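Engineer: What follows is a predicted protein model with its sequence.
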Amino acid sequence: MSVFGFVALGYEGELVRVEVDVRPGIPGMEIVGLPSGAVREARERIRIAWKNTGFKFPQERTLVNLSPADLPKTGAGFDLPMALALLEATGQVPTVPSYLALGELALDGSLRRVAGILPALAKASELGIKRALLPSACQEEAEALSGIEFISAPNLSELVENLKSQCWRTTRGMGVLERRRLDVDAQLGNWRTRPGLNEVLAVAAAGGHSVLLYGPPGGGKTVAARNLRVLTPPLEPDEAWEVARLKSLRGEENHYYPEVPFREPHHAANLAGLVGGGRSWEPGEASLAHRGILFLDEAPQFAPSFLQTLREPLEDGWLRLARAGRQVSYPARFQLVMTANACPCGQAGRTKGVCLCGAQTIRRYWDRLGGALIDRVDIRIFLNAEAESAPLDLQEMKKTLVRLENALERRRSRKSQEKNAWRDWREVLDSTPLLTSQKNLWKETLHREDWSSRGGVSLIRMARTLADLDDRDQIRDEDLLRAISFRKPAGEQYWQN
């Protein structure tokens, strides 16, 4: 028999074998294997919980070893596996085949929910361990993974009784996710939009393209960015599982509804909260936006150290963190959406405004984003606050929703089934043949604008998305021209001053 706990170290995590030795000696309980403070304190919680639930704590010397010994163990989730392993070592519960146990013990013996249920069950299943003992509060979350036998109970005494009776149940799995239907009137009915902005957001939503909306205050940048989440197609089942697993690592509620993640961190958040890591190696906001949208309102106000960290995940979809000799990885395939004023005082770009910022001040302001990050942004749109806005045309929006469905079906028919912005560049170029005239236009644009090869691939990706929206196999000249206009906006490009 082996009882296993779980330590959340990166996206995969690690199983921890709980070994107990009870021998004659001065009564006491010692925990070894690099336990954190919360794990060491479990001996007192276990002792009192046993007393209050009628179990007999051993009056001998007890050693609990958490293996592998060189892996730091954190969190209160080790309470339950250590309690069960000790009960088995003292003959108070029957010996059963290897199983996973997770849960925090309260002093009255009740069991509390802990973070990491989904990755723990997935890791155990991967290693051939198909049984788990969990608090009742974790049962709904555990049901997302199929084929796991489990016993759940609200407290330790009921859990032990169910274990003695072998009351195992089997998880059903996440199942088929229902598509959500967009209520245009309720969700977008009050939106006053700018000319051409709806088309830009449709392309961004269909292709997962990163977006920079900039201009003076009052142009509708923040509202447009938040409405992008409404237009973005719901998650596919595999994507929903990845998102649920990341949310489980953070201990957030999982409802398994296929709504795309939308994370809007404040610019004052620290680096560990934004990127991940810290003492408990939790995923940060960038990873929690996986398969969804990471929205940075007033992006130049964020620390440059954080902004530059986003360059790697925008390329390969992973965040790799190295701390104290260890490296952990979290998926971070997100759609980056940023807003920014044209200058620190906000008046640049207004015909009647008076900008108080000098050229060097504006340059330093945009230097916080950096050219390398902006190069990874596909769509750059200048929103003029003085341009006339109009109520959203609901009939046109309904037509846009049909076009988004076209793009989604075409995406599903492809081999990788990724959004165009996330497809491998080789696959994009191989699957999107250009006519001779289009190749010439593409090359001339790259030379004239001095855009990088990354910018060239970005144009083809956006042109492919425009063709998908119109349910076409072949890219047209106008698709390429519109893609160029998205990457080179009509407004001033302040970062090039």
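Structural biologist: In hand now; what should we look at?

Engineer: make it CA atoms for all contacts and neighbour counts henceforth
Structural biologist: Will do.

Engineer: Walk me through the domains of the protein.
Structural biologist: 3-170, 189-415 (automatic domain parsing).

Engineer: any chance of the ones you listed in a markdown table, plus mean neighbour count, distance to residue 471 and mean pLDDT?
Structural biologist: A markdown table is the format used below for these (neighbours: other CA atoms under 10 Å; distance: least, CA to CA, whole Å; pLDDT from 0 to 100):
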| stretch | mean neighbour count | distance to residue 471 | mean pLDDT |
| --- | --- | --- | --- |
| domain 3-170 | 19 | 34 | 92 |
| domain 189-415 | 19 | 6 | 87 |
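
Engineer: In TSV: those, plus distance to residue 440.
Structural biologist: Converted to TSV, the domains of the chain look like this (distance: least, CA to CA, whole Å):
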stretch	distance to residue 440
domain 3-170	44
domain 189-415	21
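
Engineer: Ok, which of those domains comes nearest residue 481?
Structural biologist: Nearest to residue 481, of all these, is domain 189-415, at 13.2 Å by CA to CA.

Engineer: Show me the strands in the stretch 51-200 of the chain, by range?
Structural biologist: Under the criterion DSSP state E, counting those that start in this stretch, strands of the stretch 51-200 of the chain are mapped to 61-67, 99-101, 104-105, 111-112, 131-135, 149-153, 169-170, 192-193.

Engineer: Is it possible to get those out as JSON lines so that each row also shows distance to residue 442?
Structural biologist: JSON lines is the format used below for those (distance: least, CA to CA, whole Å):
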{"stretch": "strand 61-67", "distance to residue 442": "58"}
{"stretch": "strand 99-101", "distance to residue 442": "56"}
{"stretch": "strand 104-105", "distance to residue 442": "59"}
{"stretch": "strand 111-112", "distance to residue 442": "59"}
{"stretch": "strand 131-135", "distance to residue 442": "57"}
{"stretch": "strand 149-153", "distance to residue 442": "57"}
{"stretch": "strand 169-170", "distance to residue 442": "56"}
{"stretch": "strand 192-193", "distance to residue 442": "31"}
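
Engineer: I'd like to know which of those strands is closest to residue 42.
Structural biologist: With CA to CA, the closest approach to residue 42 among the strands of the stretch 51-200 of the chain belongs to strand 104-105: 8.1 Å.

Engineer: Give me the nearest residue to residue 466, chain neighbours excluded.
Structural biologist: For residue 466, ignoring the flanking residues on the chain, the nearest one in space by CA to CA, 6 or more residues apart in numbering is residue 479 at 6.0 Å.

Engineer: again, but for residue 373
Structural biologist: residue 311 (5.9 Å).

Engineer: residues in contact with that neighbour?
Structural biologist: By CA atoms under 8 Å, 6 or more residues apart in numbering, the residues touching residue 311 are 372-373, 376.

Engineer: what do you get for residue 14?
Structural biologist: Contacts of residue 14 (CA under 8 Å, 6+ apart): 6-8, 120, 123.

Engineer: now, which of the residues you listed sits nearest residue 102?
Structural biologist: Residue 102 lies nearest to residue 6 out of the contacts of residue 14, by CA to CA, at 7.3 Å.

Engineer: remind me, longest strand of this protein?
Structural biologist: Criterion DSSP state E: the longest strand present in the chain is strand 14-23.

Engineer: Could you tell me how far residue 212 is located from residue 357?
Structural biologist: With distances taken as CA to CA, to the nearest Å, residue 212 is found 21 Å from residue 357.

Engineer: circling back to that earlier point, what about the domains of the chain, which gets the closest to residue 423?
Structural biologist: Closest among the domains of the chain, once you apply CA to CA, is domain 189-415, at 9.7 Å.

Engineer: Give me the distance between the closest one and the centre of its chain.
Structural biologist: 13 Å (CA atoms, centre = their mean, to the nearest Å).

Engineer: ok, and the closest non-adjacent residue to the residue nearest the centre of the chain?
Structural biologist: With distances taken as CA atoms, centre = their mean, the residue of the chain nearest its centroid is residue 288 (2.5 Å). Distances taken as CA to CA, 6+ apart put residue 246 closest to residue 288, at 6.4 Å, once the chain neighbours are dropped.

Engineer: next helix or strand past the helix or strand hosting the one you found?
Structural biologist: Using DSSP states H and E, residue 246 sits within helix 237-249. As assigned by DSSP H and E, the chain's next helix or strand after helix 237-249 is strand 262-263.

Engineer: sorry, back to before: would you mind putting the contacts of residue 14 into a markdown table with distance to residue 432 alongside?
Structural biologist: Formatted as a markdown table, those follow (distance: CA to CA, whole Å):
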| residue | distance to residue 432 |
| --- | --- |
| 6 | 45 |
| 7 | 44 |
| 8 | 41 |
| 120 | 41 |
| 123 | 39 |
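
Engineer: Could you pick out which of those are located in helices?
Structural biologist: 120, 123 (DSSP state H).

Engineer: So which of the contacts of residue 14 is the closest to residue 339?
Structural biologist: Set against residue 339, the nearest of the contacts of residue 14 by CA to CA is residue 8 (33.7 Å).

Engineer: Which residues are in contact with that closest one?
Structural biologist: Per CA under 8 Å, 6+ apart, neighbours of residue 8: 14, 116, 119-120, 249, 281-282.

Engineer: and it, what are its phi and psi?
Structural biologist: Note on residue 8: its backbone torsions stand at phi -80, psi 90 [degrees, to the nearest 10].

Engineer: any idea how far it is from residue 67?
Structural biologist: 14 Å.

Engineer: ok, back up a step: looking at it, the residue nearest to residue 466 is touching residue 469, isn't it?
Structural biologist: No - applying CA atoms under 8 Å as the test, residue 479 and residue 469 come out as separate, 10.7 Å apart.
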